[in-house]
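> sequence and predicted model, in that order:
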Amino acid sequence: MEYINRAIEGTVLHSDKTFKSVLVTGARQIGKTEMIKKLFPDKKYVLIDDPFIEEQANNNPNMFMMLNQPPVIYDEVQRAPGLFRYIKIACDSTTDKGLFCLSGSQPLELMEKASESLSGRVAIIEMAPLSQREIDRDDFNISFLPTMEYINARNKSAKTPDNLWERIHRGGYPELQNPDIDWGVFFSSYVKTYLERDVRKLSAVQNLDDFRRFMVAVAARTGQMVNYSNIADEIGKDQTTVKAWMSILEASGIVYLLEPYTPSVLSRAIKTPKVYFRDTGLAAYLTRWLTPETLANGAMSGAFFETFVISEILKSYSNAGIDYRYCIYYYRGRDKKKVKKNGETIEVESEIDLIIEENGILYPIEIKQSSSVTADETSAFLVLDKVNDKKRGMGAIICNCPQPGMLRENILQIPVWFI
């Protein structure tokens, strides 16, 4: 299968020239190794996932470093956490750049170790599964923002996918872009490998079948606020275990916890994060939506559409080298608003699916699976006007509409493929 160019390649190459070491993190099998080998063909490649090499790196790291001197690639470096100390010593002994290229599939744990040992010496770069832009071989690499400037720039290369639900169902793992690869066989093997390698390494999980059921329970709740008690009841575990296991999913790049926007002025804001699977294909496999058609027409179609949109927006930021953790939120408050549903007027809590903060401006976004939307569906955006030290910017509804358009003076409708 042909190599798909990754949007983050430029960031990696620039970091290699300006830092002594580069750490590329991300979930298992998203293409880290292929990209690094392509970008640095002249650097020695060392796979620490190999049992013999892992033992050598852990038992005698000094000798290991002498035998594998920079410039070098250490793949799956989380298998030998003791190496970070010796990498630091090597970095401090010279002014040369691009000494070490590190990669691993336990993002949060790796970033913590790298930050502690290699502060100021390492560029930490997060890699995600393939974005729709990458699948389309689109070089557009600007982070998403609901503005006319973004829309005009994106309009030059954005194209409607032949079957959006095929994309959502298949997911973004590079190997699955080969149509000959069986979707079910791939994810079956992926889950088995993930459980036996990453889960066992991150935590002393006694029964992997219990953790598998936990993964299914979380996948069934993608796009929802995290309810640890509810999950614990379903799988027969206590909340402490469920919280620890959720941390494992987050640490290994399987899910993302979207934090709520809770400034002090919005005193009725709910402070519970929402959970999103980072890959809709994996979530579909775990929840047994076996075809694009059943997923598109099933009870979870709205949740999967929202998960897909959130995931693509996050990729647009990470691929542009931007840390989105401090600028992307959602809002849900106990303030009630009246809406019409099935011909009846009901009261619901105010909610904004996504808020992007940039330069003191809050950009609110609603996500709707429908192809026909109205500005009335954005009434919750007004709550942001209460935030005195921020300005509410252009808002938008991301949906299945055929073209971008203006619903109101400060509300856009944006097709999902414009992300």
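Arrived safely, thanks for sending. Bear in mind the structure is a predicted one, so any value in this text is a computation, not a measurement.

> can you give me the strands in the stretch 301-419 of the chain?
328-341, 344-358, 361-367, 391-392, 395-399, 405-408, 411-415 (DSSP state E, counting those that start in this stretch).

> can you name every helix or strand that the fifth one contacts?
Other helices and strands packing on strand 395-399, by 3 or more Cβ pairs under 8 Å, 6 or more residues apart in numbering; DSSP states H and E, are strand 361-367, strand 411-415. For glycine as for every other residue, the C-beta is placed from the backbone atoms N, C-alpha and C.

> swap in the last one?
With contacts taken as 3+ Cβ pairs under 8 Å, 6+ apart, strand 411-415 sits against helix 148-154, strand 395-399, strand 405-408.

> format the helices and strands packed on strand 395-399 as JSON lines; extra columns: mean pLDDT.
Output for these, formatted as JSON lines (pLDDT from 0 to 100):
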{"stretch": "strand 361-367", "mean pLDDT": "98"}
{"stretch": "strand 411-415", "mean pLDDT": "97"}
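
> from Phe19, how far off is Asp323?
According to Cβ to Cβ, to the nearest Å, Asp323 and Phe19 sit 16 Å apart.

> kindly report the same for Tyr150.
Taking Cβ to Cβ as the measure, Tyr150 falls 30 Å from Phe19.

> do the same with Tyr228
38 Å.

> with neighbour numbers in mind, choose between these two.
It is Phe19, of Tyr228 and Phe19, that has more neighbours when counted by other Cβ atoms under 10 Å, with 20 against 17.

> distance of that one from Val122?
From Phe19 to Val122 the distance is 6 Å (Cβ to Cβ).

> got any ranges where the stretch 101-250 of the chain has weak pLDDT?
106-117, 201-204 (pLDDT under 70).

> wait, Phe64 sits on Gly82?
No - if you go by Cβ atoms under 8 Å, Phe64 and Gly82 don't touch, sitting 9.5 Å apart.

> what's the neighbour count on Glu76?
Burial measure for Glu76: 22 neighbouring residues, criterion other Cβ under 10 Å.

> how about Thr160?
Neighbours of Thr160 using other Cβ under 10 Å come to 12.

> which residue ranges of the stretch 1-150 of the chain form strands?
Ranges of strands in the stretch 1-150 of the chain, per DSSP E, counting those that start in this stretch, are 21-25, 44-47, 72-75, 100-104, 122-126.

> sheet partners, orientation included, of the second one?
In the sheet containing strand 44-47, the strands it pairs with under DSSP bridges are strand 72-75 (parallel).

> domain ranges for this protein, per the record?
Per automatic domain parsing, the structural domains of the chain span 9-127, 133-418.

> Glu2: which of those is closest?
Closest to Glu2 of the domains of the chain, according to Cβ to Cβ: domain 133-418, at 9.2 Å.

> and the closest one, end to end?
9 Å (Cα to Cα, to the nearest Å).

> and if you look at stretch 384-391?
8 Å.

> show me what it is in contact with.
With contacts defined as Cβ atoms under 8 Å, 6 or more residues apart in numbering, stretch 384-391 is touched by 263, 265-266, 331, 352, 355, 357, 360-362, 364, 392.

> how about 10 Å then?
Under the criterion Cβ atoms under 10 Å, 6 or more residues apart in numbering, residues 261, 263-267, 331, 352, 355, 357, 359-364, 392-393, 395 lie in contact with stretch 384-391.

> please indicate which of those are buried?
Buried subset of the contacts of stretch 384-391 (neighbour count, 16 or more other Cβ atoms under 10 Å): 261, 263, 266, 331, 352, 355, 362-364, 392-393, 395.

> hang on, the earlier thing: shared neighbours, Phe64 and Gly82?
Counting by Cβ under 10 Å, 6+ apart, the contacts common to Phe64 and Gly82 are 57-58.

> quick one, which of the two is more surrounded?
Neighbour count, other Cβ under 10 Å: between Phe64 and Gly82, Phe64 has more, with 22 against 15.

> residue contacts, Leu208?
By Cβ under 10 Å, 6+ apart, the residues touching Leu208 are 191-192, 194-196, 199-200.

> let me know the closest of these to Ala303.
Nearest member of the contacts of Leu208 to Ala303, counting by Cβ to Cβ, is Val191, at 20.0 Å.
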